[in-house]
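Colleague: coords please:
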Amino acid sequence: MRDLKKQQKTKRKVRQNRKKTEKKPLNLRKFLHRALRIGVASFSGALIVVGGFLLVQLLLASDLFRIEQICVQGGRHLSVEQVVAQSDIKPGVNTFSLDLDLIGRKVAENPWVSEAKVQRIFPKQIEIQIEERVPVAIINLGYLYYLGNRGEVFKVLEADDSLDFPVVTGFDYQKIEQRNQQSAEDLQQVVALLLELQQREKFGLQQISEVHREKSGGFALFTLEGGVKVRLGREAFGNKLDRLERIYAELQPRLPILDYIDLNVDEKVIVRIERPKQAAKS
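Modeller: Below you'll find the predicted structure:
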């Protein structure tokens, strides 16, 4: 039989081991204070949002910030009117409604522009600063394009564009369009050669009509007078042109009868005189 007395003793012991907890009264003041702080913060945030919205609307509607003047700096080939038209800024528009980054990208879409920066000058002016590309040659790629001083092909020539530049030949349009690395490096070489020639007087830019990239990868010049080919190779342009300049005064009167001038042999200038046609046949 079960020992009922033992069970009762055990139950009493369990009851004695329980910890009595007292319920604390609700601190109403602390609760109200916290709720008030949250309410004030929320209300303040809402006021800031509404106030900011109203301020923006007020600025957009105000005549104080309507554009009256657009200033353009850095243009040589492009006129102020052309840049303003490219920017698509309408007279009287509010300055705060303009997306300056978008305007800069629009202006840079013109092939003459390499970079455009736009800024506000309060209260009623916009300033557009542009950096134009500098052509150093005309490159023949089926159509005639300008070649810039950074080696970039950037513009198809139009009727009113200047032709007073040497012509670059021997390049493929598709490879340039596909950003072929070798073509890009060779265009940089062409620019370096043209800059070297620009600094010279005895045999400089004024004495040449064409820069040609040969199939071998080397470069050649063609003289303006007589169209004589001057072979340069791919390197040490300065040293080779130095050798040519030492004797160019003597060579110049004989250009009409020369076939080519080769500067690829160290410390020498090889000149081939063109043979008469009758002697060539015999």
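
Colleague: Residues in contact with stretch 130-150: which ones?
Modeller: 72-78, 83, 107, 111-117, 152-157, 161-163, 165-169, 171-173, 176, 187, 190-191, 194-195, 211 (C-beta atoms under 8 Å, 6 or more residues apart in numbering). In this view, the C-beta of every residue, glycine as well, is placed from N, C-alpha and C.

Colleague: Keep only those of those residues that are in helices.
Modeller: V83, V107, Y173, I176, L187, V190, V191, L194, L195 (DSSP state H).

Colleague: Mark which of those residues are buried, thanks.
Modeller: Listed as buried from the ones in helices among the contacts of stretch 130-150 are V83, V107, I176, L187, V190, V191, L194; burial here means 16 or more other C-beta atoms under 10 Å.

Colleague: quick one on the thing from earlier: could I get the ones in helices among the contacts of stretch 130-150 as a markdown table with distance to L255?
Modeller: What follows is the ones in helices among the contacts of stretch 130-150, written out as a markdown table (distance: C-beta to C-beta, whole Å):
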| residue | distance to L255 |
| --- | --- |
| V83 | 45 |
| V107 | 46 |
| Y173 | 32 |
| I176 | 32 |
| L187 | 28 |
| V190 | 23 |
| V191 | 26 |
| L194 | 21 |
| L195 | 24 |
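
Colleague: Out of those, flag the one nearest to Q207.
Modeller: L194 (12.6 Å; C-beta to C-beta).

Colleague: tell me the contacts of that closest one?
Modeller: V136, A137, P166, L205, V211.

Colleague: Hmm, the third one is touching L205, no?
Modeller: In this case it means P166. Yes. Using C-beta atoms under 8 Å as the test, P166 is close enough to L205 to be in contact (6.4 Å).

Colleague: quick one: which of these two has more around it?
Modeller: Neighbours per residue (other C-beta atoms under 10 Å) separate P166 from L205, with P166 holding more: 23 against 18.

Colleague: any idea how far that one lies from R66?
Modeller: As judged by C-beta to C-beta, to the nearest Å, P166 and R66 stand 49 Å apart.

Colleague: Over to W112?
Modeller: 30 Å.

Colleague: Can I get stretch 221-228 in PDB? Just the C-alpha atoms.
Modeller: Extracted in PDB, the C-alpha atoms of stretch 221-228 (Å, rounded to 0.1, in the frame of the first residue of the first chain):
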ATOM      1  CA  LEU A 221      56.800  60.100 -93.500                       C
ATOM      2  CA  PHE A 222      56.100  61.600 -96.900                       C
ATOM      3  CA  THR A 223      57.500  65.000 -97.700                       C
ATOM      4  CA  LEU A 224      55.200  67.800 -98.800                       C
ATOM      5  CA  GLU A 225      57.600  68.700-101.600                       C
ATOM      6  CA  GLY A 226      58.200  65.800-104.000                       C
ATOM      7  CA  GLY A 227      56.300  63.200-101.900                       C
ATOM      8  CA  VAL A 228      59.500  61.500-100.900                       C
END
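
Colleague: List phi and psi for G75.
Modeller: phi -80, psi 130 (degrees, to the nearest 10).

Colleague: How about N140?
Modeller: Torsion angles, degrees, to the nearest 10, at N140: phi -90, psi 110.

Colleague: Same question for E250.
Modeller: phi -80, psi -30.

Colleague: And the pLDDT at it?
Modeller: In this model, E250 is scored at 94, pLDDT.

Colleague: how close does it sit to H77?
Modeller: 40 Å.

Colleague: Among those two, which residue is more densely surrounded?
Modeller: H77 (16 against 9).

Colleague: Quick check, that one in contact with V113.
Modeller: No. Assessed by C-beta under 8 Å, H77 is found out of contact with V113, at 9.5 Å.

Colleague: Mind splitting this structure into its structural domains?
Modeller: 63-132, 165-281 (automatic domain parsing).
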